[in-house]
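Engineer: Predicted coordinates and the sequence they were generated for:
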Amino acid sequence: MKENLVITPTYNEIENVELIIRAVMNLETHFDMLIVDDGSPDGTGAKVKELMQEFPDRLYLEERTGKNGLGTAYIHGFKWALARDYQFVYEMDADFSHNPNDLEKLYKACKEEGYDMSIGSRYKSGVNVVNWPMGRVLMSYFASKYVQFITGLPINDTTAGFKCYTNKVLTTILNKDQIHFVGYAFQIEMKFKTWKYGYKIKEVPIVFTDRTRGDSKMSGSIFKEAFFGVITLKIRSYFRKFEK
C-alpha cells in the first residue's frame with residue numbers, strides 16, 4: 001500500500017516540468033508523482049526520464065501518443081494509481097497555477113479530517129485569482145455559479161482542477177461509471193459523481209496564479225463542452241441510481 005500520488009498531465013511543458021517536480025519532491029510530506037505526457041515534441045518526456053534517475057521509486061512517467069484530452073490523461077493516471085493501491089490521488093497542473101505547497105492542505109483534509117475529496121478552491125473565500133484578466137475571472141466565476149444552478153452541486157469552485165481523491169472514491173467511480181467528458185466538463189463530472197455517491201467533500205481555499213511560462217491549453221471548445229455538458233450530466237442523473 002502506498003499513500004500519496006500526484007498526477008500531472010503534460011503537453012509541451014519543458015519550461016515547467018523540472019521545476020514542478022522538484023517542488024513536489026521537496027515537500028515535507030512524501031508525495032510520489034506521475035507525469036502523463038501526450039507525446040510532447042519539446043522534450044518534456046525526455047526531461048522526466050532524466051529526473052527519474054534522481055528520484056527513483058518516486059517519479060514515474062506514462063507516455064501517450066497524441067493529445068487525447070485532459071480527462072483521458074487523468075483517467076489513465078487514476079487507473080495506474082489504483083493498480084498500485086495509492087490511498088490519496090491528486091490532480092495538479094504543471095504550470096504552477098496550483099501551488100505545490102497547497103498539496104499539504106488537500107492531504108490534511110482527507111487524511112486527518114476524514115473527507116473523501118478535497119478541492120483547492122479559488123472561490124471558497126472570495127475570488128482568489130492572480131494574473132487573470134477580469135474577463136476570464138468573471139467567466140470562470142459565473143461558470144461555477146451556472147454549474148451550481150444546473151446541477152445543485154454544493155461547491156463554490158465547480159471547475160477546479162486541483163483536487164485530492166481517496167482511493168475509495170476513484171474505485172467507486174471507475175468501477176461503476178463511464179466518464180464522458182475530457183475538458184472542463186471532466187472536472188465538473190468527477191465532483192458531481194463524487195457528491196451523488198454520497199462522499200464527503202471539502203473545499204480548501206487556495207490562491208490560483210495564472211501560468212508565467214509556457215502556453216495555455218484553454219480553448220473555446222473546452223468551454224462549450226462544459227456549458228452543454230452540465231445539462232447532459234444532470235439529465236442522465238435522473239435515470240440512474242448512485243449506489244456505492
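Structural biologist: Good, I have the coordinates.

Engineer: Share the number of residues neighbouring Thr65, please.
Structural biologist: For Thr65, the neighbour count with other C-beta atoms under 10 Å is 7. Where C-beta positions appear, they are placed from N, C-alpha and C, glycine not excepted.

Engineer: Looks like it contacts Pro41 (just checking).
Structural biologist: No - using C-beta atoms under 8 Å, Thr65 is not in contact with Pro41, being 11.5 Å away.

Engineer: All the helices of this structure, residue numbers only.
Structural biologist: Along the chain, the stretches classed as helices by DSSP state H are 17-25, 44-52, 70-83, 103-111, 134-151, 167-176, 184-196, 220-237.

Engineer: and the ones you listed, which one is worst for confidence?
Structural biologist: When the helices of the chain are compared on average pLDDT, helix 220-237 comes out lowest at a mean of 77.

Engineer: tell me the angle it makes with helix 134-151.
Structural biologist: With axes from the mean of the first three to the mean of the last three C-alpha atoms, to 10 degrees applied, the angle from helix 220-237 to helix 134-151 works out at 10 degrees.

Engineer: For helix 220-237, enumerate the helices and strands it packs against.
Structural biologist: Contacts defined by 3 or more C-beta pairs under 8 Å, 6 or more residues apart in numbering; DSSP states H and E place helix 220-237 against helix 134-151, helix 184-196.

Engineer: neighbouring contacts of it?
Structural biologist: 139, 143, 146-147, 150-151, 159, 180-185, 188-189, 192, 196 (C-beta atoms under 8 Å, 6 or more residues apart in numbering).

Engineer: could you redo the last one with a cut-off of 6 Å?
Structural biologist: 147, 150-151, 181, 183-185, 188-189, 192 (C-beta atoms under 6 Å, 6 or more residues apart in numbering).

Engineer: In space, not sequence, find me the middle residue of the chain.
Structural biologist: Geometric centre of the chain, nearest residue: Glu91, 3.1 Å, by C-alpha atoms, centre = their mean.

Engineer: list the contacts for that one?
Structural biologist: Counting by C-beta under 6 Å, 6+ apart, Glu91 touches 7, 161, 163.

Engineer: ok, now with 8 Å
Structural biologist: Glu91 makes contact with 7, 74, 161-163, 165 under the criterion C-beta under 8 Å, 6+ apart.

Engineer: Burial check on Val127, number of neighbours?
Structural biologist: 12.

Engineer: From Ile155, how far out is it?
Structural biologist: Between Val127 and Ile155 the computed distance is 15 Å (C-beta to C-beta, to the nearest Å).

Engineer: Contacts for the longest strand anywhere in the chain, please.
Structural biologist: Longest strand in the chain by number of residues (criterion: DSSP state E): strand 2-10. Under the contact criterion C-beta under 8 Å, 6+ apart, strand 2-10 has outside partners 17, 20, 24, 29-38, 40, 44-45, 48, 70, 73-74, 77-78, 81, 84-94, 103, 107.

Engineer: follow-up on the earlier one: what is the nearest of the contacts of helix 220-237 to Phe55?
Structural biologist: Among the contacts of helix 220-237, Gly183 lies closest to Phe55 (C-beta to C-beta), at 30.2 Å.

Engineer: Cheers, nothing more for now.
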